[in-house]
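> What shape does this take:
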Amino acid sequence: MTTTTLAVLVPLLPFLGAAAGLLLGRTAPGFVRPLAVLPPLVSLVLAALVAVRQGGGQAVDGHTELTPTGSVPIELALHIDGFAALVAVLVAFVAACVQIYSTGYLRDDPRYPSYAALVSLFTSAMLLVVYSGDLIVLLVGWEVMGICSYFLVGHYWETPEARAASLKAFLVTKLGDVPFLIGLFALAGDAGSFRITRVLGAVASGHLHHPTVIALLLLAGVAGKSAQFPLHTWLPDAMAGPTPVSALIHAATMVAAGVYFIARLLPVFEASRAAMTVLAVMAAVTMAGSALAALAQDDIKRVLAYSTIGQLGYMTGALAVGDRGAAVFHLLSHGAFKALLFLAAGVIIHAAGTNSLAAMSRMHGLRDRIPDAYWTMTVALLALAAIPPFSGFFSKESVLGAAERVADGHTDHAPGAAGWIVLVAGLVTALLTAAYAARLWLLAFRGRGTEAPDHGRQPLTMTVVLWVLAVPSLAFGGLAYRALPGWFDGRDLTPTLLTSILGTGLALVGGLLTYGAWQRTTRLAARVPLGAVAAHPEEDAGLVEAEAIATHEPAYGDIAYAPDPADPARLLLGPLRRHAAAGFHLDAVYSALFVRPVQAGASLVRFLDREVVDTYVRGAAALPRLLGAAVRRAQTGNVQTYVSALLAGTVVLAVAVVLVATGA
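Numbering: from 1, shown residues only. Below is the predicted model:
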């Protein structure tokens, strides 16, 4: 079987599994789980075979014209280089893990058949984006992912949060997709083709006439899909969906699509230094802002959501300094440990028995109850904090090393200013990332909140997947940074000494500061008596208040604990905590700038329609109605009345004629 045939089957099998799952979900429920699990597993095997055959060498290309257009042709095309081959393996691997995990996590969910089918369709769409060699075919997968995310985020549609989150995710990403679509057509117009290889050829030959405009239009779509500032606000709210969906969206699909798109078309962006600078600023603001927001969140999934936004900022930062190898390296590494983080969080939520107890400040005694989640999440958090030798260290250092080279002027792929922006923001984010990772670990596994009822052991499928994902989270980076350059552009991914010392040192400082703040706030919280509201501004300005929980909550001796009595974020962020917890009120800004004016305009239109247009229509109908009523009153059916009226009319006419004649 040829490599091209194998590559076609990789996205096709999950699509067929989705179709079969939707058709047989009600009539043959016993086939639902095999149809959910087997297609991504087979796709994983085939994607691995394609990667082995491609081997990081010459790209695999195949195409056929879809339909004659008379101008720019649209083709069904494959273009599989080293990037595409490895990213497809990641997508299939995470999708298979999510489907296996979901068989236990959603085993009692009545809508599991439709859920599993949508996850398979989601996987197929992302694989289509990865392997596509034509921008229009890529756009199809791009938009199918959007509609799948709408349905999956709104899986628990009975809750208003899920309904609002799914609608918000759809609208915000579509807001970015409008300029993205315009940019794609402008790019194809300049290049004369939608084929990616021809587009890159046109860029190399200098035939791209509007690089800055095209790059900025495309960046709008990337910002929406990959949740980058300022279109990132949908991703934290999307946590209302099932936790395995969050793992899939954050680790291998949807948000990874934007980063992968820029990596594939990086020469288009490099043709405009202004666009590269804008990309660097966007990455820097995203990294630092999301890390601060993550440090202030209480819901464990929202912490991880903001974490994803920040790690995607690292990837776009690597692209802003012209190193797509470092960006995709971090994409692969992040895919493993972020999937593990979300699925371990799912075990925590499953142990609590309800999605509403995801607040870290309410957790207690989880370390001993769910040891598998404890150990695997510890591995994933160390990878997230980029502590050596975990995988996140090597991939994050490749980004910082690339930024350092551009800042020092050792490469001309991007402006030096972009290098400094990414480097400084990346180092600051390294400190903040370690801080919120340590805070999550302390509150989730050493917290002193309300102990939830024990709902027994988790299904084996859930715990096995955690340990499977722990392997690449621990070992992938150390093995990959030597082998991956041959698959990418040949650039060295070895961590540099200066950024390794700075990045790791700042990460350790962030973790130690968080631990110290946690110890102090824990001691202060222990002094709060039952039913009291304590404030200790003279002892700790960061611990503003520690409200005792309601009396129906369990108490420990004579002490009751507030919802977040020992939260180290109180000390670390101080008065900034409230604003960071609200995402720096960006939703409120959007509401003031866009939502309220649109609502006011709609209210004005409704008023004009009701009071002006409807009044005119009602008035136009009233006159004929009144005339009709008058005529109807004259039709009495009495002959004498008719004769009297006739005589009266005759007399009136006669008098009028006499008057006219006399006047003449």
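> show me where the stretch 1-150 of the chain has helices.
Listed in chain order, the helices found in the stretch 1-150 of the chain under DSSP state H, counting those that start in this stretch are 3-24, 32-54, 82-105, 112-131, 135-153.
> in this protein, what secondary structure element scores lowest on mean pLDDT?
Taking all helices and strands of the chain together, the one with the lowest average confidence (mean pLDDT, DSSP states H and E) is strand 546-547, at a mean of 34.
> okay, now residue 596: neighbour count?
11 (other Cβ atoms under 10 Å). Quick note: C-beta positions are derived from backbone N, CA and C, even for glycine.
> And residue 631, by the same measure?
Each residue near residue 631 was counted by other Cβ under 10 Å, and the total is 9.
> quick one: buried residues of stretch 384-403?
Burial within stretch 384-403, assessed by neighbour count using 16 or more other Cβ atoms under 10 Å, is assigned to 384-388, 390-403.
> so of those residues, which ones are in strands?
Secondary-structure check on the buried residues of stretch 384-403 using DSSP state E: no residue lies within strands.
> Excluding chain neighbours, what is closest to the most centrally placed residue in the chain?
For the chain, the residue nearest the mean C-alpha position is residue 235 (4.1 Å; Cα atoms, centre = their mean). Distances taken as Cβ to Cβ, 6 or more residues apart in numbering place residue 227 nearest to residue 235, at 4.0 Å, with adjacent residues excluded.
> ok, now residue 242?
Distances taken as Cβ to Cβ, 6+ apart put residue 155 closest to residue 242, at 5.4 Å, once the chain neighbours are dropped.
> what secondary structure does the one you found sit in?
At residue 155 the chain is in coil, as set by DSSP: H, G, I helix; E, B strand; the rest coil.
> So what does it have for phi and psi?
Dihedral pair for residue 155: phi -60, psi -40, per degrees, to the nearest 10.
> Can you tell me how far the residue nearest to the centre of the chain is from residue 245?
Between residue 235 and residue 245 the distance is 12 Å, computed by Cβ to Cβ, to the nearest Å.
> hmm, back to that, the residue nearest to the centre of the chain against residue 309, yeah?
Yes - with contacts defined as Cβ atoms under 8 Å, residue 235 counts as touching residue 309 at a distance of 6.0 Å.
> mind listing the strands for the stretch 251-400 of the chain?
In the stretch 251-400 of the chain, no segments count as strands under DSSP state E, counting those that start in this stretch.
> so where's it uncertain?
In the predicted model of the stretch 251-400 of the chain, residues 352-358, 364-365 satisfy pLDDT under 70.
> go on, the chain?
For the chain, the ranges with pLDDT under 70 are 352-358, 364-365, 448-456, 525-565, 664.
> What's the biggest helix in it, counting residues?
In terms of residue count, the longest helix belonging to the chain (DSSP state H) is helix 160-191.
> elements contacting it?
Identification of packing neighbours for helix 160-191 by 3 or more Cβ pairs under 8 Å, 6 or more residues apart in numbering; DSSP states H and E yields helix 135-153, helix 196-204, helix 211-225, helix 234-237.
> will you turn the ones you listed into TSV that also has distance to residue 36?
Listed next are the helices and strands packed on helix 160-191 as TSV, based on distance: least, Cβ to Cβ, whole Å:
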stretch	distance to residue 36
helix 135-153	13
helix 196-204	32
helix 211-225	25
helix 234-237	25
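> Out of those, which one sits most buried?
Neighbour counts averaged per stretch over the helices and strands packed on helix 160-191 are highest for helix 234-237, at a mean of 25; criterion: mean count of other Cβ atoms under 10 Å.
> Just the helices from the stretch 551-664 of the chain, written as ranges.
569-573, 576-581, 586-590, 596-608, 614-634, 639-663.
> Quick one, which of those helices gets closest to residue 190.
The stretch from the helices of the stretch 551-664 of the chain with the least distance to residue 190 (Cβ to Cβ) is helix 586-590; that distance is 32.6 Å.
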